[in-house]
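Colleague: 3D model of this:
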Amino acid sequence: MAMSVFPAFDASGEQLRPRLEAEVRRLLRCANNAFLLAANPLAQALCEATDSQNAQSALRRVIENAFQEGFKETQMRNMLLASLEQGPARSTNGDSLRVSKRHWQRRRAEAVAILATHVQRVIGTVSSFADENESAPSDPLETIAELLSNIEPATASNLLKLGGRQSAANATMLALRERLEAGADISGADSADRQLSTPLVAILRAQSKEITGKDPEPAGQLWPLIAQVARGSSDISEIRFELEWLSFLRARHGGDAWQIHRIARSLQRLSNDRSSWSVRALLAQAEANICAGRLEEASVLLDAAGRRCIRNFAVADLAHGSALRGEVALQRADDAAAERLASGAYLVLNDRHFNAYRCQTIVARARLRLAEPWERPRNIGTLTESSFDRLAIDIEAARHLLAGGDGRSSRACASAAFELAAKREYNGLAARAAATLGASFGDLTEKKRTWYLRALSYLLKTRDHSVACDLFALETGGIAKLFSSAAEPLVDIIYEGLANAIPQLRPELSERPAVCRFLKELIESVLWGRRTGEDLEKAIDVLSMDAAVFSQQLVYFLDNASDILHTVCQALVSAGDRARVEYRLDAALRRVPSATQADDRPRKFMVG
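Modeller: Numbering: from 1, shown residues only. Below you'll find the predicted structure:
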C-alpha cells in the first residue's frame, strides 16, 4: 500500500494539510530532476497509487487530473506542469500569465492547495483506485500460481499445467527458470513439445552454460535468433530480455564495470514494466552502481527493488538485494554488517539460487578482514572447476589458508585459480588470485611486486570498486609502501590501464615521457604527499606543452580517467587512509582543466 511507503499521510484531517502542502512544494522543486524525484517518498507513494514506474509520469498524471477545465484551473495546471519541463526557474515566471509577482504567488499557492487535496485523495484510496483500473479477473489458478511463483515455483508450475496452452508454456518456462537459477545444467533442455519457442530455449541453455561454466557459447552467436521469431510474436520481448540478461551475466563474469552499467540500463529499457523483469533490472542497475562505487545510487535502487519484491513475494530477489547490500557495506568498511547481510541471504538462497555462492564469497571477504575463520560451503562439488562461482570460492579459500599460515596450500590453490580465471577472462577473479599469490611471498621480494602489479593490471581492466576495496586485504596498511622507493612500475601499469580503457589517451611515442612524468608526480602527490601544488602544476604545464594531444583528451575524458585512478588508489591504500587519498586525488585532478591550453584545432582534436 502507498500509505506504508509514506506513513505521514495515514491520518486524515485538516491538521496534516500544512505539512502535506509543504511536501507537495518540495516535490515540485525537484520535479525536473528524475533521480531526486524518484527518491522522494511522496513521489514513491504516487507511483504506487497510480501503478506507474516513472515518477515524473506519475506526477504529470496527478497534476493533469487535479484541476478542472476552466480558464483559471487550466492556467494553474500549466503553471505546475512547467515545473516538470523547465524546472523551478521557468515555473516561477509570472510574465507569461501577465500578472504581478504577488498575484502570481497567490495563484500558485492556490494551485498547490488544490494539488495537495487531490494527492491526499489519491494516496488515501489506493485500493479503490486499483480496483477501478483492474482488468477482468483471470483464471484463479493462474492468480495462485503467480503468487506462488517466487515462493514455490514447482507448485506454481504444476498449477499452470492445468490451464490452456499458454499456461502450459508458462509452466515450462517457470520450471526451466527454477532449474536454471538453482545452478542446474539445462543444456539438454528442448522446447517441450513446442510449448516454448526454440530461440528462447537456446538462450536459456546458454545462460545455464555461463553459470555452470560448461563450454559457454561465444558472445554474439545467439543474436541472429531474433530474426527467427515471427513478426508480432508475444515471445519477442521475452527473447530480447533474456538475451540481454545473458549479456549481463557475461559482463558480470568478465568484470567490466562500464559494460555492466551499459547492459543494466538496457535491461531497464527492455523490462517493459513487467514485475519480475523490473526487479531483475533494478538489481542489475544496483550491482552496476556498486561496481562503479556509486553507493548512494545503489542504495536507492535496492530500496525500490525491495518494495517491488515485497509486493510480489519475491523472496529470492529480496535475498539477492540483501547480498548486494552486503557488498555496499564491504566498500564502506562495515565488515560486520556485510557478514550479517550476506549470511542471512545465504540461508534463503542455499540450494535455491546460484547467488548463494556469491553470498559465501561476501561472508569470506568480511571474515578475512575481521580475522575470523571461514569454511567452504559443502555443496561446492556441484559446480565445475572452471565456473565463475567455483573459482571465486577457491580464491577466498586460498586467502583464508594464507591468513591461517598455510602458505604452500594457499599458493597452490591460488595458482590453479589464476590460470583458469585468466583463461576464461574473469578479470576480477584473476586480479584477486594474483594478489593472493603475491601475498604468499616474503616481504619486499621481486616476486611479490611482480604479482601485485599483475593484480593491478587485471583490476584496471575491470574498473570495479567492489574488487578494489579489499584486493590486498592480506597486507596490513595497504601496498602503496611497496612502491614508495621506485614508482616507475606502478606508473607504467596506470599508463597502460588508462590507454586500454580510453584509447584516445594512448599518446604518440614522443609524448610518452611527459605523460609518465605527469603520472609519477600525480601518484607521488596523492599517495605519499611528496609533491607540492607547485610541483604538480609544473608537471601539468609540461604535459600541456610536450603532450598537447594527451592533455586535451585527458580534459575531455577526465571523469572516466578519474574513475580509473580512484579504483587504483582504493586498492593501494588501507580503508583508514582512503578518504584522505581520494580527497588529494580530486584536488589534483581539478587543476588539470584550468592549466591545460585550449587547442586551436578543435576538429583535429575531436576526430583524433
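
Colleague: buried set for the strand or helix carrying Asp535?
Modeller: Assessed by DSSP states H and E, Asp535 sits inside helix 533-546. For helix 533-546, burial by neighbour count (16 or more other Cβ atoms under 10 Å) applies to 536-540, 542-544, 546. To be clear about C-beta, it is placed using only N, CA and C from the backbone, and glycine gets the same treatment.

Colleague: Output the contacting helices and strands for the helix or strand that comes right after it.
Modeller: Along the chain past helix 533-546, the next helix or strand (assigned with DSSP H and E) turns out to be helix 548-556. Using 3 or more Cβ pairs under 8 Å, 6 or more residues apart in numbering; DSSP states H and E as the contact test, the elements touching helix 548-556 are helix 533-546, helix 591-595, helix 602-607.

Colleague: what is the mean pLDDT for the second one?
Modeller: Summarised as a single mean, pLDDT over helix 591-595 is 79.

Colleague: in it, what counts as buried?
Modeller: Quick answer for helix 591-595 (16+ other Cβ under 10 Å): 592, 595.

Colleague: elements contacting that helix?
Modeller: helix 533-546, helix 548-556.

Colleague: shaky segments in the stretch 51-200 of the chain?
Modeller: Under the criterion pLDDT under 70, the flagged ranges of the stretch 51-200 of the chain are 86-99, 124-151, 156-169, 187-195.

Colleague: in the stretch 251-400 of the chain, which spans are helices?
Modeller: With helices called from DSSP state H, counting those that start in this stretch, the stretch 251-400 of the chain shows them at 257-270, 275-291, 295-312, 315-331, 335-349, 355-369, 388-403.

Colleague: Dump those helices to JSON lines, plus mean pLDDT, distance to Asn78 and mean neighbour count.
Modeller: Formatted as JSON lines, the helices of the stretch 251-400 of the chain follow (pLDDT from 0 to 100; distance: least, Cβ to Cβ, whole Å; neighbours: other Cβ atoms under 10 Å):
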{"stretch": "helix 257-270", "mean pLDDT": "92", "distance to Asn78": "30", "mean neighbour count": "19"}
{"stretch": "helix 275-291", "mean pLDDT": "92", "distance to Asn78": "32", "mean neighbour count": "24"}
{"stretch": "helix 295-312", "mean pLDDT": "89", "distance to Asn78": "30", "mean neighbour count": "19"}
{"stretch": "helix 315-331", "mean pLDDT": "94", "distance to Asn78": "40", "mean neighbour count": "23"}
{"stretch": "helix 335-349", "mean pLDDT": "94", "distance to Asn78": "47", "mean neighbour count": "21"}
{"stretch": "helix 355-369", "mean pLDDT": "94", "distance to Asn78": "48", "mean neighbour count": "24"}
{"stretch": "helix 388-403", "mean pLDDT": "94", "distance to Asn78": "54", "mean neighbour count": "24"}
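
Colleague: between the ones you listed, which gets nearest to Arg102?
Modeller: Closest approach to Arg102 among those (Cβ to Cβ): helix 295-312, 38.4 Å.

Colleague: Can you work out which other helices and strands pack against that closest one?
Modeller: helix 34-39, helix 41-50, helix 275-291, helix 315-331.

Colleague: Can you redo those helices as CSV, where the extra columns are distance to Ala588?
Modeller: Converted to CSV, these look like this (distance: least, Cβ to Cβ, whole Å):
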stretch, distance to Ala588
helix 34-39, 28
helix 41-50, 38
helix 275-291, 24
helix 315-331, 22
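
Colleague: To Ala66, which of these lies closest?
Modeller: helix 41-50 (11.5 Å).

Colleague: Report the next helix or strand after the closest one in sequence order.
Modeller: Downstream of helix 41-50, the first helix or strand assigned by DSSP H and E is helix 55-66.

Colleague: What is the helix or strand just after that following helix packed up against?
Modeller: As assigned by DSSP H and E, the chain's next helix or strand after helix 55-66 is helix 71-85. When contacts are defined as 3+ Cβ pairs under 8 Å, 6+ apart, helix 71-85 sits against helix 17-29, helix 55-66, helix 88-91, helix 101-124.

Colleague: Quick one: residues in contact with helix 71-85.
Modeller: 28-29, 31-32, 56, 59-60, 63-64, 66-67, 90-91, 97, 107-108, 110-112, 114-115 (Cβ atoms under 8 Å, 6 or more residues apart in numbering).

Colleague: roughly how far is the helix holding Asp535 from the heart of the chain?
Modeller: 36 Å (Cα atoms, centre = their mean, to the nearest Å).

Colleague: Specify the angle between that helix and helix 548-556 in degrees.
Modeller: Relative orientation of helix 533-546 versus helix 548-556 (axes from the mean of the first three to the mean of the last three Cα atoms, to 10 degrees): 120 degrees.

Colleague: Please work out the average pLDDT along helix 533-546.
Modeller: Here the average pLDDT along helix 533-546 is 79.

Colleague: again, but for stretch 421-434
Modeller: Mean predicted confidence for stretch 421-434 is 95.

Colleague: cool, stretch 519-529 as well?
Modeller: 85.

Colleague: Quick one: closest of the helices of the stretch 251-400 of the chain to Thr212.
Modeller: Here helix 388-403 is closest among those (Cβ to Cβ), at 9.1 Å.

Colleague: what's the closest one packed up against?
Modeller: Counting by 3+ Cβ pairs under 8 Å, 6+ apart, helix 388-403 packs on helix 355-369, helix 407-424, helix 427-439.

Colleague: quick one: that helix to helix 427-439, angle?
Modeller: 20 degrees.

Colleague: how distant is helix 388-403 from the center of its chain?
Modeller: Mean C-alpha position of helix 388-403 versus that of the full chain (Cα atoms, centre = their mean) differs by 24 Å.

Colleague: what about Glu85, neighbour count?
Modeller: 12 (other Cβ atoms under 10 Å).

Colleague: which ones are touching the closest residue to Ile290 other than its chain neighbours?
Modeller: Leaving aside its sequence neighbours, Ile290 sits nearest to Ala298 (Cβ to Cβ, 6 or more residues apart in numbering; 4.8 Å). By Cβ under 8 Å, 6+ apart, the residues touching Ala298 are 286-287, 289-290, 324, 328.

Colleague: ok, so of the residues you listed, who is nearest Leu460?
Modeller: Among the contacts of Ala298, and counting by Cβ to Cβ, the member closest to Leu460 is Ile290, at 18.2 Å.
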